[in-house]
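**Student:** Have a look; sequence and predicted model below, questions after that.
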Amino acid sequence: MAVRNQRRAGLLDEALAHGGPIIVFDGVNLSFDDKVILRDVSFTLQTGHTKVFLGASGAGKSTILRLILGLLKPDAGRIFVNGEEIEDMAEEELMRVRGDLGMVFQEGALFDSLTVRENVGYKLFEELNWPLDKANARVEEVLGFVGLSEFIDRMPSELSGGQRRRVAIARAMAAKPRILLYDEPTTGLDPITSVSVDEEIIKLRDLEGVSSVLVTHQLRDAFFVAEHTAQRNGGRVSLERAVAHKADEAEFIMLKEGGIAFEGNAAELRQAASQDQYIHAFLS
Amino acid sequence: MTGRVQDWVKDAILEVQEYVHLVTKAGRSVLTPPIYYRDIIEQFDAIGIGSLTVVLLAGLFTGMVLALNSGLTLDQFGARSMVGRLISASMVKELGPVLTGLMVAGRVGSGIAAELGSMMVTDQIAALRALGTDPVRKLVVPRVLAGVLMVPLLTVLAGGIGMVGGWIVTVLQFHVASSIYWSSVVQGLYVQDVWMGLIKPFFLGFTIVSIGCHVGMRTTGGTQGVGKSTKLAVVASSVAVIAVDFMVTKVMIVLLY
């Protein structure tokens, strides 16, 4: 892939090693007019791990994803993605950094005027200029991965909510990014469809080695993603309950009024609920 | 009260600043890669071919009604043979560019604001950026190029069909011979008029489309916001058409006459 052949910052090797810091927030602050959105937020996402952001609506969860993508710039603090400091980067430079990022937006944000094939292959056709047959093969491969091969020539308006989210996941993963950002991928979906979306997130993390940042207020989905693992047995993919050290690779961050109220794994989050009223109210 | 005025002035200055920023960015993007040729061709089709019917109908009926009204007046002085002269001068210099501009503002300006506005509120523009595409290059540049190049062509056609409309009425209603009408049309045109009629629409096309893009890209507030943007785009670009027409006419009179 063209993006991966480009020269990157010196910290990239460290960032890309398993367990290396692929995303770092260091004392990030952001306000809109007088409203504080994020207050001194610091965290590190290790390569191949998952960071789950929880919190009430307006707590700043989605803002963190937009900061990682460079769609917003912080008022203060530093943000590293793939070893590159991005908060002062110009839009042209950010385009290069975004080559390693995929984002699944709330409601999917599929392009209305394009078919599922064109949506999923957008980056390959328009930005990376892959040969047509290679790009089409990749589109068919990722649509097969999310189980929507037969919908390839449909328009987004002909899909259900769950199918749109899965197409959005396919679009985000088509160019093989190292990091995937999910913005409330299961909100508004029925439990069965939510589980199918959760399974795609787990499969991408465990089978494709993608580092994930998941923003949600659907606790069931957050714990499901954190506590399950995907394995390939021959040609089949199976989901199992994760062993303790694997489950620890998924960390939860609870945001409260722009600041971090909790950071830790699933077991620690359950334990903290007994001591902290806000977390307790959120989990119950 | 003073606070409100201050806020209004601040907002107005911010709008102008953002508009200039968008236009500058679009200007730079025209000259450097990547250029989305397929989108440019699609916009030429959408703005140029798509507006053809409405512009031709407006031009035809304007020419016809102009012939009717001017014919009646000129007839009182026994000058019905001069109708062609009046129609060509009016259509080429003023009515062709302005009417085409207003038609395109209504059809294209609103469409652009609604389309880009919907893309804004459904995160499609954020998705474009996330996928490594600059929305200005992908969405604004093709529309601006199409507006700048297609509105002059539409204006020429509107002026031409307006003269045909005038010819139909002059021949059928006032029983003036075709040859007299057409020679009168040619006599009424001066080179300066033709230049004015050809140069104005470049400015009008740019104004309409850039306002539509700016308003669309600044949309917030869900579907209600899209409605507001659409209305604002039509109103702002229609007023801008008249204002820009005045300013360009003023400058061209100084330069050409």
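**Tutor:** Everything's here; your move. Residues are numbered from 1 along each chain as shown, chains lettered A, B, ... in the order given.
**Student:** In stretch B:60-76, which residues are buried?
**Tutor:** Using 16 or more other CB atoms under 10 Å in any protein chain shown as the test for burial, stretch B:60-76 gives B:Leu60, B:Thr62, B:Gly63, B:Met64, B:Leu66, B:Ala67, B:Leu68, B:Ser70, B:Gly71, B:Leu74. No exception for glycine: its C-beta is placed from N, CA and C like everyone else's.
**Student:** what about that stretch, distance to the chain center?
**Tutor:** 24 Å (CA atoms, centre = their mean, to the nearest Å).
**Student:** Going by distance to B:Thr155, which of the buried residues of stretch B:60-76 wins?
**Tutor:** B:Thr62 (12.3 Å; CB to CB).
**Student:** do the helix or strand harbouring the closest one and chain A meet?
**Tutor:** Using DSSP states H and E, B:Thr62 maps to helix B:50-75. No. Helix B:50-75 does not reach chain A (CB under 8 Å from any CB of the partner chain); its nearest approach is 14.5 Å.
**Student:** Nearest to chain A among the buried residues of stretch B:60-76?
**Tutor:** B:Leu60 (32.1 Å; CB to the nearest CB).
**Student:** what sits against the closest one?
**Tutor:** B:Ile161, B:Gly162, B:Val164, B:Gly165 (CB atoms under 8 Å, 6 or more residues apart in numbering or on different chains).
**Student:** The second one contacts B:Lys93, doesn't it?
**Tutor:** No. Contact criterion CB atoms under 8 Å: B:Gly162 and B:Lys93 do not qualify, at 11.7 Å.
**Student:** Pick out whichever of the two has more residues nearby.
**Tutor:** B:Gly162 (29 against 23; other CB atoms under 10 Å in any protein chain shown).
**Student:** Close to chain B: what parts of the stretch 101-250 of chain A are there?
**Tutor:** Checking the stretch 101-250 of chain A against chain B by CB under 8 Å from any CB, the hits are A:101-103, A:105-107, A:109-112, A:122-123, A:126-127, A:171.
**Student:** Can you tell me, leaving aside adjacent residues, what's nearest to the residue of the stretch 151-284 of chain A found nearest chain B?
**Tutor:** Going by CB to the nearest CB, chain B is nearest to A:Arg171 of the stretch 151-284 of chain A, at 7.7 Å. The shortest distance from A:Arg171 to any non-neighbouring residue, by CB to CB, 6 or more residues apart in numbering or on different chains, is to A:Val120 (4.8 Å).
**Student:** hmm, back to that, could I get the buried residues of stretch B:60-76 as JSON lines with distance to A:Ile37?
**Tutor:** Formatted as JSON lines, the buried residues of stretch B:60-76 follow (distance: CB to CB, whole Å):
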{"residue": "B:Leu60", "distance to A:Ile37": "56"}
{"residue": "B:Thr62", "distance to A:Ile37": "54"}
{"residue": "B:Gly63", "distance to A:Ile37": "58"}
{"residue": "B:Met64", "distance to A:Ile37": "60"}
{"residue": "B:Leu66", "distance to A:Ile37": "59"}
{"residue": "B:Ala67", "distance to A:Ile37": "63"}
{"residue": "B:Leu68", "distance to A:Ile37": "63"}
{"residue": "B:Ser70", "distance to A:Ile37": "63"}
{"residue": "B:Gly71", "distance to A:Ile37": "67"}
{"residue": "B:Leu74", "distance to A:Ile37": "69"}
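**Student:** Tabulate those residues (a markdown table), appending pLDDT and distance to B:Pro152.
**Tutor:** Shown next, in a markdown table, are the buried residues of stretch B:60-76 (pLDDT from 0 to 100; distance: CB to CB, whole Å):
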| residue | pLDDT | distance to B:Pro152 |
| --- | --- | --- |
| B:Leu60 | 96 | 19 |
| B:Thr62 | 95 | 18 |
| B:Gly63 | 95 | 19 |
| B:Met64 | 96 | 23 |
| B:Leu66 | 94 | 21 |
| B:Ala67 | 94 | 24 |
| B:Leu68 | 94 | 28 |
| B:Ser70 | 92 | 26 |
| B:Gly71 | 90 | 29 |
| B:Leu74 | 89 | 30 |
